[in-house]
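Novice: Any chance you can model this:
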Amino acid sequence: MQESPLIGISDGPIEKKKGTFYYTNKIGGKPDPIPGISDAYHQCAVCDGILGHVVQIYCPLAASPYHRTINVFACPNPQCSGKPESWKALRSQFLESEMKQPLALQDMNGLQVKQAERSATDWCDEADDWGMEAENNEPESRSQAHTDTAQPVMDSLTAGLDVSNRLQGLCLNWPGDHAVPPTAAPTFQPFYISVVEETDLVGHDDLQHANKLLREYEEREGVAVGEIGTCEGEGAEKYEKAEAKHGDAVFSSFMKRISLCPEQVLRYSWSGSPLFIAEPPSNMNQMVPTCAQCGSPRVFEFQLMPTLVSLIRSTDLNSELVLEFGTVLVYTCRDSCWTSGLNAPVKEFLFVQADPDQKLFK
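Specialist: Residues are numbered from 1 along each chain as shown. Next up, the predicted model:
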């Protein structure tokens, strides 16, 4: 039985005076580096411009001792729109135990650490802290001992962040990155992300609202997708074959699924199934490369949704930064491998689909 996806929703703007951290789930703003990770600016592989920060997701896996954050970047240059080379997904991890001891005592031998097998529900149990609550609270630990020493650990993490920031000018940039002045990097307006489980949306009132949206969509697009029913049995949604005037049954099914929560900006389902907005390539499974670090297969983890497009605006009112996409799928190392002492994030794989009808989401 596949677990219900988690739905990310914009939860209000982040005020300038409010600090954010590596465990803050957010849209835009500047990325918050995990302790020990250098804070470089990332280069577009298409136009050589500097990428803007799109989303930051704190997504530790319960079977793992690591804190874990994924940052997604994209180029706002119109000529790069829709090109996967203009996007970048970076995974960062760290162990609290490594931050509690002097850097000289940390294991710098490059030991490859592989994570135990886990299910999507492992992360779901800790996912309810997305958004506003992260502003003043450190993420809950997986042990009672950490709960009893929360403040000392927070002090240690803060100190680690300070050391990392002071040393960033001494760090070598990895390929595709630049040590450029902060003003040169495009910055999108920041918003918190909160989360709900998709199954929580399937109630009587929600179904009525969802089916009303479907009727409106059918009238506008000439689509016959049927009504949404409650999940029964194993919880799998049974789609009726959609016959749209434009012949795109995949897009019609996409619209049907997201009608439960049209404002969703992100869907999270570790090792689950992505929701395609258009027919994927027949060789999609072969297109997802294995992890460049350890050779393990990559699995789907989350995707960015079309509604996010309307929130991507520059913090500079005199500048127009616009991203156009249908959905962006992020695939990550199945073992979430990490090398002790690594000071650069691990690059993961993205698949970008254009929106066949962008006007519906504006």
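
Novice: From the contact counts, what lies against the helix or strand S194 falls within?
Specialist: S194 belongs to strand 191-197 when elements are defined using DSSP states H and E. Judged by 3 or more C-beta pairs under 8 Å, 6 or more residues apart in numbering; DSSP states H and E, the packing partners of strand 191-197 are strand 6-13, strand 26-27, strand 264-268. The way it works is simple: take the backbone N, C-alpha and C, and place the C-beta from them, glycine included.

Novice: mind running it again at 10 Å?
Specialist: Identification of packing neighbours for strand 191-197 by 3 or more C-beta pairs under 10 Å, 6 or more residues apart in numbering; DSSP states H and E yields strand 6-13, strand 26-27, strand 52-58, strand 264-268.

Novice: what comes into contact with the second one?
Specialist: Just to be clear, that refers to strand 26-27. With contact meaning C-beta atoms under 10 Å, 6 or more residues apart in numbering, strand 26-27 is reached by 8, 10-11, 13-14, 20, 32, 53-58, 72, 130-131, 134, 188-193, 265-266, 304, 308, 311-312.

Novice: change it to 6 Å
Specialist: For strand 26-27, the external contacting residues (C-beta atoms under 6 Å, 6 or more residues apart in numbering) are 55-56, 190-193, 311.

Novice: out of those, who has the most neighbours?
Specialist: V55 (28 neighbours; other C-beta atoms under 10 Å).

Novice: Identify the residues contacting it.
Specialist: By C-beta under 6 Å, 6+ apart, the neighbours of V55 are 27, 72.

Novice: Same check on the one 3 residues further on?
Specialist: For Y58, the contacting residues are 23, 25, 69, by C-beta under 6 Å, 6+ apart.

Novice: how many other residues sit next to the second one?
Specialist: Applying the criterion other C-beta under 10 Å, we find 27 residues in the vicinity of N25.

Novice: Would you agree it is in contact with I193?
Specialist: Yes: if you go by C-beta atoms under 6 Å, N25 and I193 touch, sitting 4.2 Å apart.

Novice: mind exporting stretch 24-38 as CSV, just the C-alpha atoms?
Specialist: Taking C-alpha atoms only, stretch 24-38 is exported to CSV below (Å, rounded to 0.1, in the frame of the first residue of the first chain):
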residue,chain,number,x,y,z
THR,A,24,13.0,26.0,7.9
ASN,A,25,10.8,24.9,5.0
LYS,A,26,10.4,27.8,2.7
ILE,A,27,9.9,29.3,-0.8
GLY,A,28,12.5,31.7,-2.1
GLY,A,29,14.8,33.8,0.1
LYS,A,30,18.4,32.7,0.5
PRO,A,31,19.4,29.2,1.3
ASP,A,32,20.3,28.4,4.9
PRO,A,33,23.4,26.3,4.8
ILE,A,34,23.6,23.3,7.1
PRO,A,35,26.6,23.4,9.5
GLY,A,36,29.8,22.6,7.8
ILE,A,37,28.5,23.3,4.3
SER,A,38,30.0,26.2,2.3
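
Novice: picking up where we left off before, could I get the contacts of strand 26-27 as a markdown table with pLDDT and distance to V346?
Specialist: Shown next, in a markdown table, are the contacts of strand 26-27 (pLDDT from 0 to 100; distance: C-beta to C-beta, whole Å):
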| residue | pLDDT | distance to V346 |
| --- | --- | --- |
| V55 | 98 | 17 |
| Q56 | 98 | 15 |
| P190 | 97 | 24 |
| F191 | 97 | 26 |
| Y192 | 97 | 26 |
| I193 | 97 | 22 |
| L311 | 95 | 27 |
